[in-house]
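[1] What shape does this take:
(2 chains)
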Number of protein chains: 2
Amino acid sequence: MAIRERVFSMITGVFKMHGAVALDTPVFELRETLMSKYGEDSKLIYDLADQGGELCSLRYDLTVPFARYLAMKNKTAMRRYQIAKVYRRDNPANGRYREFYQCDFDIAGVYEPMEADFEVIKVLTELLDKLDIGMYEIKLNHRKLLDGMLEICGVPSNKFRTVCSSIDKLDKLTLEQVKKELVEEKGVSNETAEKIGSLVETRGPPLQVLTELRKEGSKFIENDWSVVALNELEILFKALEKSNALDRIIFDLSLARGLDYYTGVIYEAVLKDGTQVGSIAAGGRYDNLVGDIVAGKQIPIVGVSLGIDRVFPIMEQQVTERNQVIRTTETEVLVSILGKDLTVAAELVSELWGAGIKAEFKLSTRMQSHTNYALKSGIPWMVLVASLRLGTGR
Amino acid sequence: MAIRERVFSMITGVFKMHGAVALDTPVFELRETLMSKYGEDSKLIYDLADQGGELCSLRYDLTVPFARYLAMKNKTAMRRYQIAKVYRRDNPANGRYREFYQCDFDIAGVYEPMEADFEVIKVLTELLDKLDIGMYEIKLNHRKLLDGMLEICGVPSNKFRTVCSSIDKLDKLTLEQVKKELVEEKGVSNETAEKIGSLVETRGPPLQVLTELRKEGSKFIENDWSVVALNELEILFKALEKSNALDRIIFDLSLARGLDYYTGVIYEAVLKDGTQVGSIAAGGRYDNLVGDIVAGKQIPIVGVSLGIDRVFPIMEQQVTERNQVIRTTETEVLVSILGKDLTVAAELVSELWGAGIKAEFKLSTRMQSHTNYALKSGIPWMVLVASLRLGTGR
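    Below you'll find the model as predicted:
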């Protein structure tokens, strides 16, 4: 908890640096709000029992509750952060918790192109820099570029989502396995699968990949979706370059993200130093989610979600390696009464509390018991109260 | 949220003043852990649907999860605080939320008599003093004194709990109604009900009531339960007196508390200024709860729980009355670009962020739009970026 509080305070500091307001939402939402937002992962949603009244489910992330909040309120713009737990019926054996924290930062509203996207990605780099948990890279792609790529490869538009979820598995499966899945399970032709396979290997420094995708003869400059995406990415990359954040970004055509609601830029941060942590943050633009909840209402949003639980063990290890001592309390003074008179303790320690000094008291006739406690708790000061026998000469 | 964060920081400050460590527990517990802990209120527990795996329920308070934690861990003492939400299927029409915060402070372990009880009550007075939400009093009683009183009145011991829940209704029902319930629903004789009725009206300054209950001829000094309770209360009251906290306490024989698990001192804080808030904090000693969860393990605990949600509206009203302005963000500088060039904004604002200055940026060709935003958000500084046309002489 001591480490967690320190991390949260650091993260909150970054969010406040960017003018975000805190928002809290209930732990459960109406079940219908969560339906059809998470694709194949919907089976992981925790439902509450039907005990009368509305059917509710525990929140699966903080994104849909935020969109639901905006949909219900008379708001058209908001930059908010929320640090809270989310719930998934996942398999703990896979190293996934069923209850874990997400730290979300989102900018909702209509702005100039890439204005909000730039800031969210900048926030992500600041978070990861501040956390100081090792080398990382942010893989970045654009949903419209993915759609354009699939169109170029000959995938019919009604198969975009399902083909995307196959591509999304490239961090776990080999390219050959994914191509096999595309052909055998998703009904894609061999030729199309080969084309997809060759394109998704495109990755590298953003401006370099951008130039490559735009060079003469590239299919991408003839596709409407791609052209929109590449123009947006150019604005984004130039802003990130001016902000000294572009060197953390890898433009990666294999990044697909499983969730259904993304509509623009998407990204995912991964640690690079061979830890088992993998992805620790992800996000993107989702312009239609508010409208999915309240038809006719349109509030574009771009955001990022940091999964902090995987970071705590790394932090704990750092503390150990650096021989740091983390006290779990802040007690400054131990009032040690060598006796059993509670009134003496009450009077003395209340004076300290009244003066704003963090203090504990202890009644014990054994000196050892006092010093052991103070040492164990790392309390720097002791007030020792004992009755002296006068006249013994000692 | 701005008020809430301020309140939580104040409360956490008090808890840390007393050497408490933070503890976090999951939002759901095994259903069997929560069974038979809350008497008649068990029907208010939210269950999770049975989707395979363990049967779970949302936590109803923070007390049972703390006892469950101690029962599972190899710990014999702990002073912990927890500020978290709890869940009850209550009727919102009664002004009760179904999700609300509790702020709990508990001391677990074996100490000198009343050592922990004194400190928990002291913490409660410090919380209420710091919150500064108006006059309050802490009604206090002792479970063993209640048992003694019922024995004196001729109630058979198997009816203690059910008679207590009738007495507990005295804040909502008249004495006559309670006596009627005792006779008609709980099967208590008229004579016994009259005796109870006369004794539960005993209330007043602690040392004065203590003296009265101990005066010659009092039935309480002949009853074993009562004698134990009165001796403990004497130690407690003297310590609170030395700590300048006794004047907030009302010794009240009608305080019974509905929950089953209390075994010693019990207390409840109420606001006195005629608000509809009523009880805002309550607690007591529960020595057997850990043993109820893991048989054979015995860890005495005393604690208090503050229900903070009822406090927020009072605070908000105070802020309004005092004409205070509460900013929801801490932004220091608005970088206003009178134009649409994101790279200019990115470069400038990143310098501010890099220097640890809380900053937002805005792209707009309309000057009004910048100043309106800065004024509305209370941002004290603006950096205005516009291109000047040279040579116009203006």
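[2] so how far is residue A:70 from the most centrally placed residue in chain A?
    In chain A, the C-alpha nearest the mean C-alpha coordinate belongs to residue A:306, at 1.1 Å (Cα atoms, centre = their mean). To residue A:70, residue A:306 is 21 Å away according to Cβ to Cβ, to the nearest Å. Bear in mind the C-beta positions are built from the backbone N, C-alpha and C, glycine included.
[3] and the residue nearest to the centre of chain A, helix, strand or coil?
    strand (DSSP: H, G, I helix; E, B strand; the rest coil).
[4] In this structure it contacts residue A:10, no?
    No - the pair residue A:306 / residue A:10 is not scored as a contact, 11.2 Å apart, by Cβ atoms under 8 Å.
[5] I'd like to know how many residues surround the nearest residue to residue A:161 once chain neighbours are set aside.
    Nearest residue to residue A:161, sequence neighbours excluded (Cβ to Cβ, 6 or more residues apart in numbering or on different chains): residue A:260, at 6.6 Å. Close neighbours of residue A:260, defined as other Cβ atoms under 10 Å in any protein chain shown, add up to 20.
[6] for residue A:260, what are its contacts?
    The contact partners of residue A:260, by Cβ atoms under 8 Å, 6 or more residues apart in numbering or on different chains, come to A:36-39, A:161.
[7] Mark which of these are buried, thanks.
    A:37-38 (16 or more other Cβ atoms under 10 Å in any protein chain shown).
[8] ok, now which ones touch the residue nearest to the centre of chain A?
    Contacts for residue A:306 (Cβ under 8 Å, 6+ apart) come out as A:11, A:102-104, A:124, A:127, A:280-281.
[9] cool, residue A:270 as well?
    Neighbour list for residue A:270: A:136-137, A:139, A:278-280 [criterion: Cβ under 8 Å, 6+ apart].
[10] May I ask which of the residues you listed comes out lowest in pLDDT?
    Least confident of those in the model: residue A:278, at 74.
[11] In contact with the closest residue to residue A:26 other than its chain neighbours, which residues?
    Spatial nearest neighbour of residue A:26, excluding adjacent residues (Cβ to Cβ, 6+ apart): residue B:99 at 5.1 Å. Counting by Cβ under 8 Å, 6+ apart, residue B:99 makes contact with A:26-28, B:85-87.
[12] And residue B:99, how far from residue A:28?
    Distance of residue B:99 to residue A:28, computed by Cβ to Cβ: 8 Å.
[13] I figured residue A:267 hits residue A:122, correct?
    No - with contact defined as Cβ under 8 Å, residue A:267 and residue A:122 do not form a contacting pair (11.7 Å).
[14] interface residues of the stretch 251-394 of chain A facing chain B?
    By Cβ under 8 Å from any Cβ of the partner chain, the residues of the stretch 251-394 of chain A that approach chain B are A:328-331, A:340, A:342-347, A:349-350, A:353, A:356-361, A:363, A:377.
[15] Just the buried residues from those residues, in PyMOL please.
    Selection of buried members from those for PyMOL, criterion 16+ other Cβ under 10 Å:
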select buried, chain A and resi 328+329+331+342+343+344+345+346+347+349+350+353+358+359+360+361+363+377
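[16] And the longest helix anywhere in chain A, how far out from the chain middle?
    As assigned by DSSP state H, the longest helix anywhere in chain A is helix A:224-242. Chain-centre distance of helix A:224-242: 24 Å, with Cα atoms, centre = their mean, to the nearest Å.
[17] which helices and strands sit right next to whatever helix or strand comes next after it?
    Next helix or strand after helix A:224-242 toward the C-terminus (DSSP states H and E): strand A:249-252. Judged by 3 or more Cβ pairs under 8 Å, 6 or more residues apart in numbering or on different chains; DSSP states H and E, strand A:249-252 is in contact with strand A:136-142, strand A:203-204, helix A:206-214, helix A:224-242.
[18] average pLDDT for strand A:249-252?
    Computed over strand A:249-252, the mean pLDDT rounds to 97.
[19] give me the number of residues near residue A:147?
    Counted with other Cβ under 10 Å, residues neighbouring residue A:147 total 22.
[20] Can you classify it by secondary structure?
    Secondary structure state of residue A:147, per three-state DSSP, is helix.
[21] Might you report the residue contacts of it?
    Residue A:147 neighbours (Cβ under 8 Å, 6+ apart): A:157, A:160, A:225.
[22] ok, 6 Å please
    Going by Cβ atoms under 6 Å, 6 or more residues apart in numbering or on different chains, residue A:147 touches A:160, A:225.
[23] for chain B, what are the nearby residues on the stretch 1-150 of chain A?
    A:1, A:16-17, A:19, A:21-22, A:26-27, A:47-49, A:99, A:112, A:115 (Cβ under 6 Å from any Cβ of the partner chain).
[24] Which members of the residues you listed are positioned in strands?
    Among the residues of the stretch 1-150 of chain A next to chain B, DSSP state E puts A:21-22, A:99 in strands.
[25] And the helix or strand hosting residue A:68, how far out from the chain middle?
    Residue A:68 belongs to helix A:63-72 when assigned by DSSP H and E. Taking Cα atoms, centre = their mean, one finds helix A:63-72 lying 17 Å from the centre of the chain it belongs to.
[26] Equivalent analysis for stretch A:281-295, please.
    Relative to the mean C-alpha coordinate of its chain, stretch A:281-295 is positioned 17 Å out (Cα atoms, centre = their mean).
[27] shaky segments in the stretch 201-350 of chain A?
    Confidence mapping of the stretch 201-350 of chain A against pLDDT under 70 gives the ranges A:258-259, A:274-277.
[28] Break down the stretch 1-150 of chain A into its helices, ranges please.
    Taking DSSP state H, counting those that start in this stretch as the test, the helices found in the stretch 1-150 of chain A are A:2-17, A:31-34, A:63-72, A:115-131, A:143-153.
[29] Let me know which of those helices is the nearest to residue B:108.
    Checking the helices of the stretch 1-150 of chain A against residue B:108 by Cβ to Cβ gives helix A:2-17 as the closest, at 19.0 Å.
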